[in-house]
Structures are given as C-alpha cells and as structure tokens.
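In: return a 3D structure for these sequence lines:
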Amino acid sequence: MHRVLAVVRSPFVRWAFLLGAVALAVVAVVGAWDELAAAAHRMPATNLVAAAAVAVAYVAATFLSWRAVLADLGSPLPLRPAVSVFGISQIGKYVPGGVWNVVAAAEIGADHKVPRARSLAGMALAVLLGTVSGVVVAAVCLPVAGADALGDWVWLAWAAPLLLVLLLPPVLSRLVGLGFRLLRRPPLERPLTWSGLGVAVAWSVLSWALAGLAVWLLATGLGLEAAPRTLVLLVGAYAIAWVAGFVVVLVPAGAGVREAVLLTLLAASLPHAAVLLVVLLARVLLTLVDLLFAAVGVLVRPARGR
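Out: Numbering: from 1, shown residues only. Take a look at the predicted model:
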C-alpha cells in the first residue's frame, strides 16, 4: 500500500495525469470545433457578464465561509489580512497535490499572527465543510430537478444524512482532535461552536447556489430552458462535480474531472457542443476569478511581506 501511495503521490504521475486531462480536453475541443464556434456566436454577452459577476460572488462566499471557521477557532482576521491570506493561498489549488493552498494559508497567516496549526485546521475545515455541504446540496437538488437526475449518483441520497453528522460541532471537534493527535500536534485551544459553524455552513451552501447560478446563466445563453428546475439541476450538478474533482487529487483544482461530471449530468439537457462550451467557459471564468482574488490579496498585503 505504501508503495502504491508513493507512486500516486509522485510528481511524475500527477503531472502525467494533468497532461492527459489537458490532451483529452484539446481532442474534445478540436473534434467539436465547428459546433463550438457556432455555440459561441449564440452566447449573449449579457449572460457571460452576469455569469462572471456571480462567479466573483461564489468565490467571495467560500472566502467568508473560511473566515468564519478561522474566527470560530480563535483568530478573527480583519478584512484586508483575510483577503490577503485567502486570495494568495487559492493559487495553491492549481498545483498538483491538493494540499498546497492549505500550506500557503498557514505560512501567510503566520505573518498575521495566526498560529500555523490553527491556519491548517481552518483551511482544512473550510474545505471539509465545502465538500460535505456540496454532497448534501447535490443530494437535495438532483432529485428535485428530475426523477432521473441522480442517475449513477443515487448513493448521494444515502450518504447525505450520514455526512450531515460531520457538521455537528461536537463530532467535528473530536475529528479535528483525532487528526492532530495522529499528526502529533497539540490540540486546538477551543472547540468549534454551533453559531460559528452555522455561519460557515450557511456561507458554504450559498456558495453552491451561486456557482450553480453562474453555470446556469451560461447554459441558458446557449438554449437551456430558463426555469427553476434547470437552475436546481445546475446547482446540484456543479456541487457534485466539484466534489468529484476535489476527491481526485492527482490534478490541480479537479481539472478534467469536474468537466467530465458536468458533461455527463448535462448531456440530456443541451447539445454536446453547447455543454462542452459551458463547462469550458465555467472553468475559465472561475480560474480568472481565483487569479483576481490572488491579485487583490497581493495588493492589500503589506509591501514588506510581498
């Protein structure tokens, strides 16, 4: 098992997986280029601008969820330092390995007198909350969107109630304590509270709604029915696509995995070229928003710390 994990974690395997995902994406784009060009001409500029604005709000909601967790752990950061830590650390998502944004948050947070252990716990907990809430949101939204929307994801209906237990402060505090003991680190100074965790979860759930809305705006611009049912479908589809991309840590920011899941879930709602354009635009928009937050984080960071 250790040898298998060593191979999986090697930089060669991770970059090979990433290059493979990019190559497959290029093949898909080239194969449907004419249809993609026609779909791009049909996309209204208003939908694209609105989707970009909502994407900014989506990342802002994830930022506020992380900030609420960190405050509940005992390090309430003012807005400017919080934006600096969060914005710059998000670039770590694009490095294969799945942990570099957590490491970056710990190092940058130390400049603002946030203990590294607390930063690590805060970012890890924010990611865990996002993952659990994403599964729950998908488990609620996909069946509401239609009887066949769950498809191969029917296990979500069974997993969601069990995962909800993880969001209870006593349970989550014990899990964090166990993790710190396994890492031979001192325990957290204070346990998680119901109010602090509730705020963080609320922001996380809102972030999924905003992410789904951004993709919905792109899809409706290419012919998807602009109805509440399709909006609910896109919220659930994006949530579970993000979770799938997060679980596959071989590639940065779920590259390729997230798009493959979205393509599968939206295949019955739009022509293939339109779905392909939607998922590509969604990836580009969210990457640009991450870069925007990183740029703002650098700008608000004290000059001596840049």
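In: what are the buried residues along stretch 108-118?
Out: By 16 or more other Cβ atoms under 10 Å, the buried positions in stretch 108-118 come out as 108-109, 112, 114-115, 117-118. C-beta coordinates here come from the backbone N, C-alpha and C atoms, glycine included.
In: not counting that stretch itself, show me its contacts.
Out: 70, 73-75, 77, 81, 84-85, 88-89, 106-107, 119, 122, 180, 185-186, 188-189, 305 (Cβ atoms under 8 Å, 6 or more residues apart in numbering).
In: can I have the buried ones of the residues you listed as a ChimeraX selection?
Out: Only the buried entries of the contacts of stretch 108-118 go into this ChimeraX selection, using 16+ other Cβ under 10 Å:
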select :70,73,75,77,81,84,85,88,89,106,119,122,180,188
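In: go through the contacts of stretch 108-118 and flag which are in helices.
Out: 70, 81, 84-85, 88-89, 106-107, 119, 122, 180 (DSSP state H).
In: just send the residues you listed back as CSV, with pLDDT and distance to L233 too.
Out: Shown next, in CSV, are the ones in helices among the contacts of stretch 108-118 (pLDDT from 0 to 100; distance: Cβ to Cβ, whole Å):
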residue, pLDDT, distance to L233
L70, 91, 33
P81, 90, 38
S84, 87, 37
V85, 88, 35
I88, 81, 34
S89, 81, 32
A106, 74, 37
E107, 76, 40
S119, 83, 36
G122, 85, 32
F180, 70, 40
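In: farthest-separated two in those residues?
Out: By the measure Cβ to Cβ, S84 and F180 form the most distant pair in the ones in helices among the contacts of stretch 108-118, at 25.9 Å.
In: end-to-end on stretch 216-234?
Out: End-to-end span of stretch 216-234 (Cα to Cα, to the nearest Å): 6 Å.
In: which SSE is the most centrally placed residue in the chain in?
Out: For the chain, W242 is the residue whose C-alpha lies nearest the centre (Cα atoms, centre = their mean; 5.4 Å). Element membership of W242, judged by DSSP states H and E, is helix 228-247.
In: before we move on, the earlier item: correct me, but the residue nearest to the centre of the chain touches V215?
Out: No - at 10.7 Å, W242 and V215 do not qualify as touching, with contact defined as Cβ atoms under 8 Å.
In: where does pLDDT dip in the stretch 201-306 of the chain?
Out: 248-256, 302-306 (pLDDT under 70).
In: can you give me the helices for it?
Out: 228-247, 257-266, 272-300 (DSSP state H, counting those that start in this stretch).
In: flag every buried residue along the last one.
Out: When you say that, I think you mean helix 272-300. Buried-residue list, helix 272-300, by 16+ other Cβ under 10 Å: 272-283, 285-286, 289-290, 293-294, 296-297.
In: likewise for the first one?
Out: Along helix 228-247, the positions that meet the burial threshold by neighbour count (16+ other Cβ under 10 Å) are 230-246.
In: report the inter-axis angle for that helix versus helix 272-300.
Out: Between the axes of helix 228-247 and helix 272-300, defined by axes from the mean of the first three to the mean of the last three Cα atoms, to 10 degrees, the angle is 60 degrees.
In: could you do the second one as well?
Out: Following the same axes, to 10 degrees, one obtains 140 degrees for the angle between helix 257-266 and helix 272-300.
In: then helix 257-266 to CSV, C-alphas only?
Out: Backbone C-alpha positions of helix 257-266 (Å, rounded to 0.1, in the frame of the first residue of the first chain) are rendered in CSV as follows:
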residue,chain,number,x,y,z
VAL,A,257,-12.7,15.5,-13.6
ARG,A,258,-15.1,18.4,-12.8
GLU,A,259,-15.8,18.9,-16.5
ALA,A,260,-16.4,15.2,-17.2
VAL,A,261,-19.0,15.0,-14.5
LEU,A,262,-20.8,18.2,-15.7
LEU,A,263,-20.8,16.8,-19.3
THR,A,264,-22.4,13.6,-18.1
LEU,A,265,-25.1,15.4,-16.0
LEU,A,266,-26.0,17.9,-18.6
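In: which element, helix or strand, includes A124?
Out: Going by DSSP H and E, A124 is in helix 116-145.
In: my bad, L178
Out: With DSSP H and E as the test, L178 turns up in helix 169-182.
In: now for that helix, which elements pack on it?
Out: Judged by 3 or more Cβ pairs under 8 Å, 6 or more residues apart in numbering; DSSP states H and E, helix 169-182 is in contact with helix 116-145, helix 194-221.
In: about what we covered before: tell me the angle of the helix holding A124 relative to helix 194-221?
Out: 50 degrees.
In: and helix 116-145, which residues are buried?
Out: 117-143, 145.
In: the residue lying closest to T131 once chain neighbours are set aside and V135, how far apart?
Out: In this structure, T131 finds its nearest non-sequential neighbour in V243, 5.6 Å apart by Cβ to Cβ, 6 or more residues apart in numbering. V243 is 6 Å from V135, where distance means Cβ to Cβ, to the nearest Å.
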